[in-house]
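Trainee: Fold the following for me, if possible:
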Amino acid sequence: MSVQRNYDREFVRTFFTSPTAVQGEDDSAKMIRRAAQLRGIQAPDVWVPDNEDATAPSMREEGVQNIIDVVAEHGADFPGEIHPRVVWHRESPTTRYSGFQQMLEIADPENGAVDNIDGFVIPEVGDIDDWKKADECFQIIEAEHGLEEGSLSMSVIVESGEAEIALNRIRDEMGKPSNTLERMFLLVDGEVDYTKDMRAMTPTGELPPWPELRHNTSRGASAAGLIAVDGPYDNIRDVEGYRERMQDNRAKGMTGIWSLTPTQVEVANTAPLPPKTGTWLLDVDGEDVELTPEGDSQVYDGDDVSLTETDDGYTLVVAGDDHHLDEDELRETLLDLTSYVPSMDDIVESMEEFEAAKEAGKGAIAMTQSATVAIDGVEVSLEKDRMWDEATYQAAQTPITLFQDVYRNRPDQHAELEEMYGADVVARATDVGN
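Mentor: Here you go, the predicted structure:
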């Protein structure tokens, strides 16, 4: 079944929440006022004025008014999409009604904000019937205010076992005449409440990593043509841990991640994009170590690998294990231990080369990667051939499609992207594959 979606974004890198009303401040809206003025690489793809968990219950009524005031004033100039989060709960009709009232007020055209509102985020959803209840609220709001049906997108936060099971049903429910679930946009993981709902415990009290939830959310998004977003990484000082989490997510097909600070936004906006320069890696006891480019060589300067030339060959020591090898065996061993992370220019050049070959009638071509690896002053020349066919080309196109989606939807980042890659590479990257 093919369903017509109500949006054209293919990727979301950043889902940035900020409290709608801060108690004890002269300007209770200062956090969302500041967020609304973020630009460029510090501005998220999706900004979420958060009138649920991030805002105290006693401040939520004021939070609704703050959303209206700030979005009416700054929303037209905000470069990303704006999706306020309202209250909702699968087990509480009272909470669901409060969420409906919040959306009804924010979406009232007379309040001046709805033209800059792209949709709403619904937390704490339950089974698929609960998703339909939320969708019906959207229908009523659109009808009440004379808005086009489906003009407000709906994103949900997966925070319960019920919602996780519903991920397997959303594809079959979308497009039925009885609902307008084609308005669905993001599927967002909420690991904190999910942990509570699952009654899960760890010895340290830390959250479990929940790789299964992230996989299931990514799979549900792929099946239904939606976008998957990981939950918050609350150790905001652990930038490397944040990067590692995103890298692990991308291997599951999940590009987006929750961002709690502008710094996290900047990291998450750049991390999924292809790197400016390529990097050679050496596998050292299961850990990839970057080699350092020096002249024409890629140099390993750590202590866990050593290489010496002997009378009859070479001795390679990796993590304490000695390997006595001749020249061919050494080359084969290093080929197994090395890998290459291609740059944006590398990917674009390979795609251009394959496109030219395909135009000439070839179905597959060999691409060669070469490097001189230096360990303890001993240099070894390596060459790797990889066959490129249509499937390889399509796989390589994913990061380029992401870049093109960013370039199309975030013109405020054009200058920073050109500064990062160079104008020529950016021009070729926006053209290749089209």
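Trainee: in which helix or strand would I find Val156?
Mentor: Element membership for Val156, per DSSP states H and E: strand 153-158.
Trainee: In its sheet, which strands sit next to that strand, and in what direction?
Mentor: With DSSP bridges as the test, strand 153-158 is paired with strand 119-122 (parallel), strand 184-189 (parallel).
Trainee: I'd like those as CSV, with mean neighbour count and mean pLDDT appended.
Mentor: (C-beta placed from N, C-alpha, C; glycine too.) Listed next are the strands paired with strand 153-158 as CSV, based on neighbours: other C-beta atoms under 10 Å; pLDDT from 0 to 100:
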stretch, mean neighbour count, mean pLDDT
strand 119-122, 26, 98
strand 184-189, 26, 97
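Trainee: Could you dump these into CSV and include distance to Asn434?
Mentor: Shown next, in CSV, are the strands paired with strand 153-158 (distance: least, C-beta to C-beta, whole Å):
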stretch, distance to Asn434
strand 119-122, 28
strand 184-189, 25
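Trainee: For the residue nearest to Asp189 when sequence neighbours are not counted, report the pLDDT, please.
Mentor: In space, Asp189 comes closest to Gly231 once its chain neighbours are excluded; the distance is 4.1 Å by C-beta to C-beta, 6 or more residues apart in numbering. If you check Gly231, the pLDDT there is 96.
Trainee: secondary structure class for Leu38?
Mentor: Secondary structure assignment for Leu38 (DSSP: H, G, I helix; E, B strand; the rest coil): coil.
Trainee: from memory it sits against Pro44, does it?
Mentor: Yes - with contact defined as C-beta atoms under 8 Å, Leu38 reaches Pro44; the gap is 7.3 Å.
Trainee: Can you report how many residues neighbour Asp127?
Mentor: For Asp127, the neighbour count with other C-beta atoms under 10 Å is 15.
Trainee: who's in contact with the closest residue to it other than its chain neighbours?
Mentor: Using C-beta to C-beta, 6+ apart and skipping the chain neighbours, the partner closest in space to Asp127 is Glu162 (4.7 Å). Going by C-beta atoms under 8 Å, 6 or more residues apart in numbering, Glu162 touches 90, 125-127, 130.
Trainee: What is the nearest of the residues you listed to Asn269?
Mentor: Closest to Asn269 out of the contacts of Glu162 is Val125 (27.2 Å), distances taken as C-beta to C-beta.
Trainee: so what pLDDT did Ile82 get?
Mentor: The score at Ile82 is 97. That number is its pLDDT.
Trainee: Ignore what I typed, I meant Ser2.
Mentor: Per-residue pLDDT puts Ser2 at 41.
Trainee: ok, now the one 10 residues further on?
Mentor: Val12 carries a pLDDT value of 96.
Trainee: Use 11 as the first number from now on
Mentor: New numbering, starting at 11: the last item is Val22.
Trainee: quick one: secondary structure of it?
Mentor: Relying on three-state DSSP, one would call Val22 coil.
Trainee: next one: the one 5 residues further on
Mentor: Of the three states, Thr27 takes strand under three-state DSSP.
Trainee: Count the neighbours of it for me.
Mentor: Count around Thr27 with other C-beta under 10 Å applied: 26.
Trainee: wait, doesn't it sit right on Arg95?
Mentor: Yes - look at Thr27 against Arg95 with C-beta under 8 Å: they come within range, at 6.8 Å.
Trainee: Now Ala309: which helix or strand?
Mentor: Quick fix: residue 309 reads Val, not Ala. Going by DSSP H and E, Val309 is part of strand 307-310.
Trainee: Go ahead and name everything in contact with that strand.
Mentor: Residues from elsewhere that reach strand 307-310 (C-beta under 8 Å, 6+ apart): 290, 292, 299, 301-303, 381-385, 389.
Trainee: So which of those residues sit within helices?
Mentor: Using DSSP state H, no member of the contacts of strand 307-310 sits in helices.
Trainee: Reformat those residues as a markdown table; add distance to Met264 and neighbour count.
Mentor: Output for the contacts of strand 307-310, formatted as a markdown table (distance: C-beta to C-beta, whole Å; neighbours: other C-beta atoms under 10 Å):
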| residue | distance to Met264 | neighbour count |
| --- | --- | --- |
| Trp290 | 27 | 23 |
| Leu292 | 28 | 21 |
| Val299 | 26 | 17 |
| Leu301 | 29 | 21 |
| Thr302 | 31 | 13 |
| Pro303 | 31 | 14 |
| Ala381 | 31 | 20 |
| Thr382 | 37 | 14 |
| Val383 | 33 | 22 |
| Ala384 | 37 | 20 |
| Ile385 | 36 | 24 |
| Glu389 | 40 | 13 |
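Trainee: Which of the residues you listed sits closest to His333?
Mentor: Distance to His333 across these (C-beta to C-beta) is lowest for Ile385, with 12.2 Å.
Trainee: Identify the spatial nearest neighbour of that closest one, chain neighbours not counted.
Mentor: Per C-beta to C-beta, 6+ apart, closest to Ile385 is Leu317, 3.9 Å.
Trainee: Now the element after the helix or strand harbouring the one you found, going C-ward?
Mentor: Using DSSP H and E, Leu317 sits within strand 315-320. Following strand 315-320 in sequence order, the next helix or strand is strand 323-328 (DSSP H and E).
Trainee: Tell me the gap between that following strand and the middle of its chain.
Mentor: Distance of strand 323-328 from the chain centroid (C-alpha atoms, centre = their mean, to the nearest Å) equals 41 Å.
Trainee: tell me the angle of that strand relative to strand 315-320?
Mentor: Orientation of strand 323-328 against strand 315-320 (axes from the mean of the first three to the mean of the last three C-alpha atoms, to 10 degrees) gives an angle of 170 degrees.
Trainee: wait, isn't Thr343 in contact with Tyr324?
Mentor: No - Thr343 is not in contact with Tyr324 according to C-beta under 8 Å; the separation is 9.3 Å.
Trainee: Mind checking which of these two has more residues around it?
Mentor: For Thr343 versus Tyr324, neighbours defined as other C-beta under 10 Å are more numerous around Tyr324 (20 against 16).
Trainee: tell me the contacts of that one?
Mentor: 317-318, 334-337, 340, 388.
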